[in-house]
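In: got a sequence here, can you model it:
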Amino acid sequence: MRLILVPAVGAALVAAPVFSDLADGPPPGHTGGFGEPTCAACHQPPAASRAGTLELAGLPAAYRAGEAYEITVVSASPGLTRAGFQMAVRFAPGTALAGRQAGLISTTPDPLRTLLTPDSALAIMYAHHSLEGTAVQPAGRARWTVRWTAPVSSQPVVFHVASVLASDDNSPLDDEVRVTMAVVPGSIP
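Out: Residues are numbered from 1 along each chain as shown. The predicted model follows:
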């Protein structure tokens, strides 16, 4: 986020945040998983909650080691015009590798709507919206698809996703945040 100087009452200048810098996605680590904050760290909710859903489509009942799956994040709400998301896939709590990256994520087949940002300190890859990916089509429904290649393991993995139902005013105000998670066990070879 950058700051710009804006005239205030009495000719003083005050610093005001410009949030358009985050239009191509949130900073890494805002899925709500493993003690992370969610998008609500920056986005402020509306006075009344909006009706809406956040779903993960394409998850297998149990993954097969090394197999690729197309996973779709679907954020929906009546009248929704802008939305964003962030997702990470890690080994589930209670496993020997808990919290570490589980498998590989790529933007295929949705490279114009979805981007990847690594958190090199944690060795976690985060999938998130691009600027083009904030557009809602059809009306009321936003979709982002990634390709997840399962790890060579049989340990359960957890998908953590946070999504913003935005007010489309280029500010962090009046934006609703939804979170979801899903645990997927590995199949026994």
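In: all contacts plus neighbour counts: C-alpha atoms, from now on.
Out: Will do.
In: was I right about residue 25 contacting residue 132?
Out: No: using CA atoms under 8 Å, residue 25 is not in contact with residue 132, being 10.5 Å away.
In: okay, those two: which has more neighbours?
Out: Using other CA atoms under 10 Å as the criterion, residue 25 and residue 132 rank with residue 25 on top: 22 against 12.
In: quick one, what contacts the more buried one?
Out: Neighbouring residues of residue 25 by CA atoms under 8 Å, 6 or more residues apart in numbering: 84-86, 115, 128-131.
In: go again with 6 Å.
Out: Residue 25 is in contact with 128-130, counting by CA atoms under 6 Å, 6 or more residues apart in numbering.
In: can you check residue 59 too?
Out: Neighbour list for residue 59: empty [criterion: CA under 6 Å, 6+ apart].
In: now the strands for the protein?
Out: Along the chain, counting by DSSP state E, strands occupy 2-7, 13-18, 53-57, 68-76, 82-91, 104-106, 114-119, 124-129, 141-149, 157-166, 176-184.
In: quick one: closest of those to residue 98.
Out: Between residue 98 and those, the shortest gap by CA to CA is with strand 82-91, which sits at 4.8 Å.
In: can you list the buried residues in that closest one?
Out: 82-91 (16 or more other CA atoms under 10 Å).
In: cool, thanks, signing off.
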